[in-house]
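Q: Take this sequence and fold it.
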Amino acid sequence: MGDQRIEDVAETHPPIAGPDDVAAATRRPWATPWVWVLAFMPWVIAAGVVLTVGALLSSALSIRVGYPDWIWVLLLLVPYLLTVVVAGLDAGQLRAWQHPTVAPWAWAWLGAPVYLVARSFALQPRARHGLRPMWVGLVNAAVATLAVVVGFTVIAVLATWFLALLADSMGANRY
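A: Residues are numbered from 1 along each chain as shown. As a prediction, the model looks like this:
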């Protein structure tokens, strides 16, 4: 009688993921080319910010540089939309590799680092190395932000120093 109940349960309820299922899930590929594009996307966005500031300054100073004054909209919008498209391609590739849980590409509307964090948490139980793109993306975001801030600070200090020298030289030539 005891044997019959065990057989009935085994027939009606398949076993929960055992060691073979977990091992098969960890062998699934996790690194799409798209995730690495997203990991380095902060540099593209940083370049867009720098070019946007240059475009706005040239427009404010009435310097003609050969492109329209509204180019700053494209410089900020194109990398942002590219992030969303690449995240969609990444999520699609992970689904094609039959990962049971995949982060929705809609997280990319909040930025590449946010999508990478969501993706890593979705894959982490099954992919041992799936956290690498998240850490690479977060480090790139931090370093790119720091580079932009330091670069703008250096430019501001040099411009102030130059203007101070110019004012001193003009004041010295008056007499």
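
Q: Next, Ile68: phi, psi?
A: Just so we're on the same page, residue 68 is Pro rather than Ile. phi -70, psi 160 (degrees, to the nearest 10).

Q: number of nearby residues for it?
A: When neighbours are defined as other C-beta atoms under 10 Å, Pro68 has 11 of them. All C-beta spots, glycine's among them, are computed from the backbone N, C-alpha and C.

Q: Next one, pLDDT for it please.
A: pLDDT recorded at Pro68 is 80.

Q: Repeat that for the one 5 residues further on.
A: In the prediction, the pLDDT value recorded for Val73 is 86.

Q: Same check on Arg132?
A: For Arg132, pLDDT reads 90.

Q: How about it: what's its closest non-neighbour residue?
A: Counting by C-beta to C-beta, 6 or more residues apart in numbering, the nearest residue to Arg132 once its immediate chain neighbours are dropped is Ala31, at 7.6 Å.

Q: low-scoring stretches of this protein, by residue?
A: Residue ranges of the chain with pLDDT under 70: 1-27, 126-128, 172-175.

Q: mind listing what the residue nearest the centre of it touches?
A: Centroid-nearest residue in the chain: Ala112, 2.6 Å away (criterion: C-alpha atoms, centre = their mean). Residues in contact with Ala112 (C-beta atoms under 8 Å, 6 or more residues apart in numbering) are Leu38, Ala39, Met41, Pro42, Ile45, Thr83, Ala87, Gly137, Ala141.

Q: Give me the subset of the residues you listed lying in strands.
A: With strands taken from DSSP state E, there is no overlap with the contacts of Ala112.

Q: which one among those residues gets closest to Ala60?
A: Ile45 (22.2 Å; C-beta to C-beta).

Q: neighbours of the residue nearest to that closest one when sequence neighbours are not counted, just the number please.
A: Nearest residue to Ile45 in three dimensions, chain neighbours excluded: Pro79, at 4.8 Å (C-beta to C-beta, 6+ apart). Using other C-beta under 10 Å, Pro79 has 19 other residues around it.
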